[in-house]
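Novice: Quick one: sequence and predicted model below, then my questions.
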Amino acid sequence: MSESLQTVRSLADRVRTQVNRVIVGKEDVIDRLLIALFSSGHVLLEDVPGTGKTLLAKALAHSVGVDFKRIQFTPDLLPSDLSGIHFYNQRTSEFEFRPGPLFTNLLLADEINRATPRTQSSLLECMEERQISIDGTTHRLRRPFLVIATQNPVESQGTFPLPEAQLDRFLLKIRMGYPSRSEGLQILKRFRQDNPLGDMTSAASAHDITEAQSFCAGVTAADDVLTYLLSIVEATREHSDVAVGVSPRGSQALLRASQVHAVLRGRDFVTPDDIKALALPVLAHRIVLKPGLRVRPQAAEALISRLLEELPVPAEPSTSAR
C-alpha cells in the first residue's frame, strides 16, 4: 500500500471516528458522505424528519476544519439571500459586495425543497462550476466546496420538487433510515444530558481534503471496468420503463465515487465491486421513469438493482489498472 493511499485512508478514519462520536450506527451513510467529500461531490439526504439528517451534516462540519454555513430554505428565500448583494456604502460613496452564505466550504441546505424553483436554481452554477456570477462578475468559490442538502420526501404541502437538472448536480442521494433497537437505546443514552457536538474536534484541514481529492482523482480504472460502468448507464437509457436515462455527468459521477470507494477499501484501482456498491445512490435519482411508474416507492432503485443482476460483470481488473 502506497504512502499516499495510507494517508487518505488514515484521514478518512480520523473523520469517521469524530462523526461516530455523535452519530450512532449508520456506517454506510457516513462512508458515502466521505465518498462525496473526497470526490468533490454533493449529497442529497432524504428521509422523514428526526432521523438525523441535519445532525449528520453538522457532525461532518465539526470533524473537518473548514468554513461551515447553514441555510434554512423557506418559500420566501431569495437567490440574493444565498449569493450575496451589492450595497451602497455611504461613507465611501461606492457599491460594495457583501458575500452570501454560498461563499463557504461546506454548505448545509436544510429542507431544500421548501424554496421556490427560482431560489433552487441559484445553486446550479456553484454546485457544478464552483463559481457564482453576480451582476456580471464571476466569483470563484473556495476549495473544497460541498453542498449537503436535506429534504423530507413525505410532505407535499409547501414544497417544490427538485427538477432533474438540480438532482443531476448531486453526486449521491442517501436515505438515513430508522435506527435499530440497540442503536435507538444508544441514542437515548448519548443525548440524555447534552449534545456531543460541542465536544468534537477537527480531524482534517481544508488542505488535507483537497490533497485527498487530488489523490482519489488519480485512481486508475481498466478499460473493461469502464466498459462495465458504461453498460449500466446505457442500459438505463434503453430500458422500456425509463423516459430519461442517466446522463454523461452521471457516468462521470459514478466513476469518481467508485475511485474513492476503492481508496477507502485500500486499493488504488477500481473494480466492478466498487461500481456495484455505488450504482444505486449515484444513479437512481438521475433516472426519470415513465408516467405510471413514478408513483411506485423506490422504483428507480429497484430498476438499477435488476440491471446489476442482469449485466455481465468483468471477472478481474486488468493488470494495467494496478
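Specialist: The structure has been received and is ready for your questions. Residues are numbered from 1 along each chain as shown.

Novice: low-scoring pLDDT stretches of the protein, where are they?
Specialist: By pLDDT under 70, the weakly predicted segments of the chain are 1, 154-158, 294-297, 316-322.

Novice: go with 50
Specialist: For the chain, the stretches flagged by pLDDT under 50 are 318-321.

Novice: center of it - which residue?
Specialist: Taking Cα atoms, centre = their mean, the centroid of the chain lies closest to residue 43, which sits 2.0 Å from it.

Novice: what is that one paired to in the beta sheet?
Specialist: Counting by DSSP bridges, residue 43 forms beta bridges with residue 148, residue 172.

Novice: thought it was touching residue 176?
Specialist: No: using Cβ atoms under 8 Å, residue 43 makes no contact with residue 176, being 11.5 Å away. No exception for glycine: its C-beta is placed from N, CA and C like everyone else's.

Novice: residues contacting the residue nearest to the centre of the chain?
Specialist: Applying Cβ atoms under 8 Å, 6 or more residues apart in numbering to residue 43 gives the contacts 32-33, 36, 146-149, 170-174.

Novice: what does residue 283 give?
Specialist: Residues near residue 283 by Cβ under 8 Å, 6+ apart: 232-233, 236, 246, 250, 254, 304.

Novice: Mind putting the contacts of residue 43 into CSV with neighbour count and distance to residue 3?
Specialist: Below are the contacts of residue 43 laid out as CSV (neighbours: other Cβ atoms under 10 Å; distance: Cβ to Cβ, whole Å):
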residue, neighbour count, distance to residue 3
32, 25, 26
33, 25, 25
36, 27, 25
146, 26, 26
147, 24, 31
148, 27, 30
149, 28, 35
170, 25, 33
171, 29, 27
172, 23, 28
173, 22, 34
174, 23, 31
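
Novice: how about the helices of the stretch 151-300 of the chain, start to end?
Specialist: Remark: helices assigned in the stretch 151-300 of the chain by DSSP state H, counting those that start in this stretch are 164-167, 181-190, 206-217, 223-238, 248-264, 272-283, 299-310.

Novice: closest one to residue 291 among those helices?
Specialist: Nearest to residue 291, of all the helices of the stretch 151-300 of the chain, is helix 299-310, at 12.0 Å by Cβ to Cβ.

Novice: now the closest one and helix 272-283, what's the angle there?
Specialist: Counting by axes from the mean of the first three to the mean of the last three Cα atoms, to 10 degrees, helix 299-310 lies at 160 degrees to helix 272-283.

Novice: got the phi/psi numbers for residue 138?
Specialist: Dihedral angles of residue 138 (phi, psi; degrees, to the nearest 10) stand at phi -100, psi 130.

Novice: Now do it: how many residues are near it, please.
Specialist: Neighbours of residue 138 under the rule other Cβ atoms under 10 Å: 10.

Novice: Tell me how many other residues surround the closest residue to residue 70 other than its chain neighbours.
Specialist: Excluding its sequence neighbours, the residue lying closest to residue 70 (Cβ to Cβ, 6 or more residues apart in numbering) is residue 108, at 4.3 Å. Per other Cβ under 10 Å, the neighbour tally for residue 108 reads 25.

Novice: Residue 96 now?
Specialist: 10.

Novice: dump the residue contacts of it.
Specialist: Contacts of residue 96 were listed using Cβ under 8 Å, 6+ apart, and they are 86-89.

Novice: switch the cut-off to 7 Å
Specialist: When contacts are counted by Cβ atoms under 7 Å, 6 or more residues apart in numbering, residue 96 touches 86-87, 89.

Novice: beta partners for it?
Specialist: As for beta bridges, residue 96 partners with residue 87 under DSSP bridges.

Novice: so residue 256 makes contact with residue 42?
Specialist: No: here residue 256 does not reach residue 42: they are 11.6 Å apart, not a contact under Cβ atoms under 7 Å.
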